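# here's my sequence, what's the structure:
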Amino acid sequence: MITVPLAFREMPRWWHDAAGREWLDRLPSLVAEQCRRWDLQVDGGPLHGSNALVVPVRRGAEAAVLRLAPPGDDVSREAEALRWWDGRGTVRLLEADVPARAMLLERLSARSLQSVPLGEAVPIIADLAARMAVPAPPGATSTARIAAAHLEEFPRDWERQGRPVPRRPRGAGPCLDRAPLPVLPAVGPRAGAHPGPAEVPPPARPVRLRDSLLRPPRGARRRSRRGRTTRPWVGAAAR
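Next comes the predicted model:
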């Protein structure tokens, strides 16, 4: 069984989350059960952010990662979004078990843009944003609606946590007294015209930032500004 990293257990998000702490204790058995269901073999030590645990796994010759989210996470929406993008600027979803809050994702390169000079990182980020800019699927919740829901929930959460911050910090504008935001209609193509990611045409005014570094053909290479030929790595799935 895996060992849950101590750094993950010590995340502040668990301080007031009893269900989350119980979930942390159960993670080794949850990972083992999900591996049994999907015929996976653990292939490395677990990784984490501030919320979910990610375990490198293999299914036969296929390298992937198993991601488990804590109670309260809406994995169904995450899975729907990843299916819609289908690898277009995002990791590709291989399997999803919504009741278990588990997703099997393709394994990408572990190299981070934090190690890249800013002048090189910004065009890559811009290219990613352009690739992800596809029309939302029918029924998708708008960002405005999500923000309005958070605005309604914040005062209740503030009371539940014992009012940890002033209602209106000194020198700040309206805070908890602010009126709810209006819910704006989604902006996109006409009703009924929601092509999938593979069918979305390029932007009306495409701007070529640099050679594409995202999901290059196998064995493809690019020329750096220093004249060296290097393999692209951002977004390329590890095999």
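# secondary structure of residue 103: a strand, I assume?
Yes. Assessed with DSSP: H, G, I helix; E, B strand; the rest coil, residue 103 lies in a strand.
# how far away is it from residue 23?
Residue 103 sits 16 Å away from residue 23, going by CB to CB, to the nearest Å. Where you see a C-beta, it was placed from the backbone N, CA and C, and this is true even at glycine.
# so for the two, which residue has more residues nearby?
Set side by side, residue 103 and residue 23 show more neighbours around residue 103, with 25 against 20, by other CB atoms under 10 Å.
# so the more buried one touches residue 95, yeah?
Yes. Counting by CB atoms under 8 Å, residue 95 is a contact partner of residue 103 at 7.0 Å.
# so which residues of the protein form strands?
41-42, 47-48, 53-59, 62-68, 93-97, 102-106, 222-223, 229-230 (DSSP state E).
# so what touches stretch 73-83?
The set of residues external to stretch 73-83 that reach it, using CB atoms under 8 Å, 6 or more residues apart in numbering, is 51-52, 69, 90-93, 96, 98, 101-103, 105, 137, 140-141.
# how about stretch 14-25?
With CB under 8 Å, 6+ apart, stretch 14-25 has contacts from 4, 8, 9, 13, 30, 70, 71, 72, 161.
# if you count neighbours, what's buried in that stretch?
14, 17, 20, 23, 24 (16 or more other CB atoms under 10 Å).
# and stretch 89-104, by the same measure?
Buried residues in stretch 89-104 (16+ other CB under 10 Å): 89-97, 101-104.
# how about stretch 43-56?
Buried-residue list, stretch 43-56, by 16+ other CB under 10 Å: 46, 48, 52, 53, 54, 55, 56.
# farthest-apart pair in the residues you listed, please.
52 and 56 (13.9 Å; CB to CB).
# all helices for this structure, in order.
Taking DSSP state H as the criterion, the chain carries its helices at 6-9, 18-38, 75-85, 118-132, 143-160.
# worst mean pLDDT among these?
Note on the helices of the chain: helix 143-160 shows the lowest mean pLDDT, a mean of 87.
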